Structures are given as structure tokens and as C-alpha cells.
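In: give me a model of this one.
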Amino acid sequence: MLAADPSGVVVVFGLILVVLAAFVTEVVPNDVTAMGVVAALVVLEPWTGVGPRAAISGFANPATVTVMAMYMLSAGVQKTGLVERLGLRLAAFTGGREFRALVATVCTTGPIAGFVNNTPVVAVFVPMVTDLAESANLSPSKLLLPLSYAAILGGTLTLIGTSTNILASDFARLLIDGRDGIGMFEFTGLGVVLLVVGIAYLLTVGRRLTPARVPVDADPVVEFDLKDYLTFLYVRPDSAAVGQSVEAVDEAYPAVRLLQARRGGAAYAGAHSDRIVEAGDVLVVHGPRDDVDRFREAAGLGRQPGDVTEDTFEAAATDGLLAKAVVPEHSPYAGESVTETGFREFHETSVLAVRRGGDLIRTGVTEETLRAGDLLLVRTTPAAVQYFADTGDLLVADERALDRLADADPEDVAPLSPKTPLAVGIFGGVVGLAAVGALPVVIAALAGVVAMVATGCLTSADAYDAVSWNVIFLLAGVIPLGIALESTGGAALVSSFLVATGEVLPPVGVMFLLYAIAGVLASVITPVATAVLLIPVGVTTAAGLGANEFAFLLAVMFASATSFMTPVGYQTNLMVYGPGGYEFTDFLRVGGPLQLLLAVVATAGIAVGWGV
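Out: The predicted structure is shown next:
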């Protein structure tokens, strides 16, 4: 066991505490914090023992490169249309039945997430599952949380299921003598057990615990409590708006947004319309009541009776619609104010309200800084929806094109790409080559990316866009922190406390304790950071106990990859947080028992399969 350097250990632990605090509070994005770690380790080199070359070694780490390549390969498979086609089959299978909808959601998402990165899988499935819920007369909240949990469980099936698995494989190569990483399907048997146990929980106990936060087929205006923020106004003959374009009227009164102009049975989307306002037109405006009243008096408008609803935007022939959209973790809009995003100028999109956890923001929306996980209610256009869907900058949670899933012709709604056989074949080749050991997984993955781009399954631009660069920088930044923890003897110091518990606990009990600590930590910070910090601790603890080092590494790996108790612990949880209308405690109530159950099952499975 490495002797600890007292001053170095103090400095590294102090840095870890600062990093953990930054991760939890998110005063800056996690990837920025990780880059700060790289700089801090070098500045504090006399104590951390990490020089410039070691500090940036995370960028050349096989785990980092493999995760990047897997994002690209997943994008190539996603572009085939297979996942969307599966969604249509699910709708036909459910037949509008509640339990079938839940079974279809969890039993398909899990296996897919074992091979395709679970983030894009959940991104594709959120609108589909929302429509499944509607067809089953079921609150979407009852399906979206199980969707995320099933995707997380699926990540335990293969080496490429999650970034933490890939990272654990590299740690196994570095820390355990005689180990050259982890095989593609080496732990699949236990992963299948966890998936089956998890699905059984979600279909029984979890089904009862999951709340119905969003009403069935809820009108977004009601869901976001916007009754007092959307108003009908009519244009009087002597109004100052007569003779001006809709766009000019909107720009003249920036405190309110002009969303729609109506004339007879027709409706025209604002605020970029050049249609001339005439007497008798009805305008749909958005803004606080006081601002709307000032706008009405200044423009010489009258108040039109009636409530603005979703049908106001959907019923009349117009290119405007209401939609809900989530700000994903990698979105370029995260950290920008609504005004800075350019939604209105470039995408003819107005943000009407923002739901952030239990908070509903309806005033001062244009100056609100967006965060990952925010749910936006927007008045937008089909073209903008298509743009957001293509780029992934926003996750549109209720695409109108999916409203007729059960009756749609799969060939029309989700056509398969002509490149589908090629893309699937290339992906299968990557998995096969890595599984038989013909190539290291990192080389097989990179070769797969080259093959997909060369054959036209994926453009180079799409490949770069598919990567969640925040995850890559997070990985590259925290890997050197693990090096510092190991080199200063900090990991040995922490493991000595765990080894001490061996006086009252058997080795399998110590492993369960390590699993529980890792699971809790992964729910508070990122799974990647948890794996980096605790895998060296786990391996050192096993060595101190004379136990199986690989078994303890697997315990940390599985615990880090199965984070259910908070919406911030895993990015798929964050993706369903807003669309499901969940409260923070919902994840603890539903995910807490599941995490405890899996801790018991996984620890027992590792003990049986690999010995302790």
C-alpha cells in the first residue's frame, strides 16, 4: 500500500472538496470545473505530484477517446430511423392500455441502451412516450421516469453501455495486475439480472410510487398557469395599429409579445409576419396583465372575451404552434439568457414560460438565464421544431408529428435510411471485433467512425455534433484528479478506513458499504467523477483486505452507473425532469428503494460471479 504524503493528501482532499461543492452547486458548468481541476493540479504540482503532461493525460486516455467515438457511432445508428420505427411498433402494441404502455417503455429502452448511448435514446423516446401516455389516457409522468430508469439499467449490459463502464475498464488495466481492461460482455450476465430486477420493480412497486404530476392530455396553457399571461385583444377602427405590419406592432411594444393575428377563420403567426393589421383583427398577446393593459391603451385596442388555449394555436390554419422543449445538458443555450439565445430573431420562437424543478417562471422570461433541465413552453414553428430536433440543441418533448402514432404508416412517418444495413453492420462489426479481442475497443470504435463517415452513414459534421463535449471535457478533467489521489496516497488513506470496517464486517459487507457510498455520491455529483475517485479506493481496499480487486472495481462501476435518487445524478433523469413535471423528492421516493435493491442484488451477484 502506497505511503501517504500528508501535505499532498491534505491539498488533494481540499481540492476534491472544492470540486464536489462546485459539482453540487453548479456555480459553473461541470466541464468548466473539470478544466479548472487540470490547471489547479499543475499549479499545486509540488503537493499533487501531477505535472503538465499528467494533467492533460485525460484527453489521450483510451476511455475518453472511446466515449467520444461511441457518441458518434450511436448517432450513425440513430440516423437509420430504427429507433423511431420501434416507437411506432410500440404504439401498435400498447393498444391504448396503461400497463402495456409501461411494459413497452421499459422493456425496449433497456436493451437498446446497452448498445446505443442512452442519452439520444431517451431524447428520441420522450415525445414518443408522451404520445403513448396520451393514447393510454395516462399521465406522461407515469412513463417518463421509468423511461429514464430503464435506460440507466440498460447501460449495465455491455462495456459500451455507459462512459463509466469504459472508464472502469481503463482503470482495471492500470490498477490490477494481469488485467487488460474489461471484456465487451464480461459482466453482461449480471447486467441482465439487474435489468430484469429493475424492470420488475418498475412494473410493480415503482408503478405505484411514480406520481402522476402532469394531468392527462393537459393543455400547456393550464399546465404552465398562463391564463393571466395570454390575452385576446381586438383592433378598433381608430387603433394606432391599423395599417402597420404585425411585426412593426410587436417591435413597437417590447414589453409584450404578439403571438398571433386572427382575421375571420384564418390565423397568422406573429411576430415576424408582414401582414398588415386591419380593423376588426383579433390579436393574441403574451405578457403580464399590467404590461398588456398598457399596450392595449397605447395602441388603442379593445379586450376580446375568451380564454387563450392550446386550440387557439392549433385549430386555425397557421404555421405557429405551442410546444414544450427541454434544455439538454450539452445545449449551447445553457448559460445564456432567453434574449441571448436568438430564439425570436433566428427561429421565430417565443419563450412563454420556464419550469425549473418546482419553480414556474412566467415574468422576466426574456432575461432568465437558461439551465440544463429547464422545461420551456414556446410558441414556435414546425421549421424551428425540425431545426431543434436535428441539432439536439433543444429536446422537443411533444412533437405534433407523433400525435397519430398508433394509426401511422411506419413507411411514411419513420422511413428507414438506405444506409441502414451499412450502419448496423458497421456498429455490429465494432462490437464483434472488440468482443473477440481482435482489436482494443478504442481502436474498433475509431475504425467504426471512419467507416461510417467513409460510407456516407454519417457526415463529419454530424459526427462532431453528436458528441456531448461537456462529458468529454469532464472525463478529461477529472481523470488527473484520480491520478493525484492515487499518487499522493490519498486513495490508500481512504481505503484504510474501509479496511478497518473489515474487523466487524466480512469482505462482502465492506464491498456493499463501498457500493452504497458510490451510489449516493453518484447521485450528488456525476457518475464519472464518482468512478474516478472511488475505483482506486475500491481496488486499494480490496488489496488491504486480501480480497478480489476486480470484484471491488465492479462494485464501484455498477454503483456509479446506476444513479436513480436525484434528477442531477444522471443526464437522462434531467431530461425527463421537466416534461414529467416531477419534484426533486419524486426521484428519492421512486429511485431510493430501487438503488437499495440493486445494491443488494449487485453485491450478491458480484460475490457469486467473481468471488470476494
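In: what helix or strand is the nearest residue to residue 459 once chain neighbours are set aside located in?
Out: Residue nearest to residue 459 in three dimensions, not counting chain neighbours: residue 453, with 7.0 Å by CB to CB, 6 or more residues apart in numbering. C-betas here are computed from N, CA, C, even on glycine. Secondary-structure assignment from DSSP states H and E places residue 453 in helix 441-454.
In: with residue 379 instead?
Out: Going by DSSP H and E, residue 379 is part of strand 375-380.
In: list the contacts of the residue sitting furthest away from the middle of the chain.
Out: Residue farthest from the centre of the chain, counting by CA atoms, centre = their mean, is residue 238 at 51.7 Å. By CB atoms under 8 Å, 6 or more residues apart in numbering, residue 238 lies in contact with residue 300.
In: the stretch 501-612 of the chain: helices as residue ranges?
Out: Secondary structure of the stretch 501-612 of the chain (DSSP state H, counting those that start in this stretch): helices at 507-524, 527-545, 549-561, 571-577, 584-610.
In: from residue 342, how far off is residue 563?
Out: Using CB to CB, to the nearest Å, residue 563 is found at 34 Å from residue 342.
In: these two: who's more crowded?
Out: residue 563 (29 against 12; other CB atoms under 10 Å).
In: I'd say the more buried one and residue 527 touch.
Out: Yes - if you go by CB atoms under 8 Å, residue 563 and residue 527 touch, sitting 5.6 Å apart.
In: what do those two both touch?
Out: Common neighbours of residue 563 and residue 527 (CB under 8 Å, 6+ apart) are 569, 570.
In: so where's the stretch 151-300 of the chain uncertain?
Out: Residues of the stretch 151-300 of the chain that meet the criterion pLDDT under 70 lie in 217, 270-272.
In: and the strand holding residue 379, what does it pack against?
Out: strand 257-263, strand 321-326, strand 350-356 (3 or more CB pairs under 8 Å, 6 or more residues apart in numbering; DSSP states H and E).
In: helices and strands around the helix holding residue 453, which ones?
Out: helix 62-78, helix 420-435, helix 460-466.
In: run the angle between it and helix 420-435 for me.
Out: 160 degrees (axes from the mean of the first three to the mean of the last three CA atoms, to 10 degrees).
In: buried residues in helix 441-454, which are they?
Out: Judged by neighbour count (16 or more other CB atoms under 10 Å), helix 441-454 contains these buried residues: 441, 442, 443, 444, 445, 446, 447, 448, 449, 451, 452, 453.
In: looking at those residues, which is nearest residue 504?
Out: Minimum distance to residue 504 across those is 39.9 Å, recorded for residue 441 (CB to CB).
In: go ahead and confirm that closest one touches residue 66.
Out: Yes - contact criterion CB under 8 Å: residue 441 and residue 66 qualify, at 5.7 Å.
In: tell me, what's touching those two both at once?
Out: With CB under 8 Å, 6+ apart as the test, residue 441 and residue 66 both reach 160, 166.
In: which ones are touching residue 303?
Out: Counted by CB under 8 Å, 6+ apart, residue 303 has contacts 231, 232, 233, 234, 296.
In: thinking again about what came up before, between the helices and strands packed on strand 375-380, which one is closest to residue 167.
Out: strand 321-326 (26.3 Å).
In: any idea of the mean pLDDT in that closest one?
Out: Mean pLDDT, strand 321-326: 84.
In: list the helices and strands that strand packs on?
Out: Contact partners of strand 321-326 among helices and strands, from 3+ CB pairs under 8 Å, 6+ apart: helix 220-223, helix 310-314, strand 375-380, helix 382-391, strand 395-396.
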